[in-house]
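[1] Any chance you can model this:
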Amino acid sequence: MFSGGKIKLDRDLLARAERASKAAGYASVEEFVAHVLERELDKFDKGAADEEEIRKRMQGLGYIA
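    Purely as a prediction, here's the structure:
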């Protein structure tokens, strides 16, 4: 799932991820980790989009040049 890329995790963190992935019904810990990362990265992407939208609105209202 990671396309050959490697990510090192602390043993305890990996064990927690393995337990959580099994409990949540994921096929593998890799699938679980990828899903969690995608969710978190979407928050950053949305935050950047929201910031840009606010900047455009403020420009439209004349608050910033």
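[2] which phi and psi does residue 6 have?
    phi -120, psi 140 (degrees, to the nearest 10).
[3] Read off the pLDDT value for it.
    Per-residue confidence at residue 6 stands at 85 (pLDDT).
[4] what's the neighbour count on it?
    By the criterion of other C-beta atoms under 10 Å, residue 6 has 5 neighbours. No exception for glycine: its C-beta is placed from N, CA and C like everyone else's.
[5] who touches it in this structure?
    With contact set as C-beta atoms under 8 Å, 6 or more residues apart in numbering, residue 6 has no partners.
[6] out of all of them, which helix in this protein is the longest?
    helix 29-60 (DSSP state H).
[7] Tell me which residues of that one come out buried.
    29, 32-33 (16 or more other C-beta atoms under 10 Å).
[8] Next: stretch 10-25.
    In stretch 10-25, the ones that count as buried by 16+ other C-beta under 10 Å are 17, 21.
[9] Give me the contact list for that stretch.
    Outside stretch 10-25, the residues that touch it by C-beta under 8 Å, 6+ apart are 9, 28-29, 31-33.
[10] Can you lay out the buried residues of helix 29-60 as CSV showing distance to residue 62 and pLDDT?
    Shown next, in CSV, are the buried residues of helix 29-60 (distance: C-beta to C-beta, whole Å; pLDDT from 0 to 100):
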residue, distance to residue 62, pLDDT
29, 52, 95
32, 48, 95
33, 46, 94
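[11] closest to residue 5 among the residues you listed?
    residue 33 (11.6 Å; C-beta to C-beta).
[12] The closest one: what's its closest spatial neighbour, skipping adjacent residues?
    Once flanking residues are discounted, residue 33 sits nearest to residue 17: 5.9 Å by C-beta to C-beta, 6 or more residues apart in numbering.
[13] what helix or strand does that neighbour sit in?
    helix 11-24 (DSSP states H and E).
[14] tell me the angle that helix makes with helix 29-60.
    90 degrees (axes from the mean of the first three to the mean of the last three C-alpha atoms, to 10 degrees).
[15] average model confidence for helix 11-24?
    97.
[16] per-residue pLDDT, the residue positioned nearest the centre of the chain?
    For the chain, residue 40 is the residue whose C-alpha lies nearest the centre (C-alpha atoms, centre = their mean; 2.2 Å). pLDDT, residue 40: 90.
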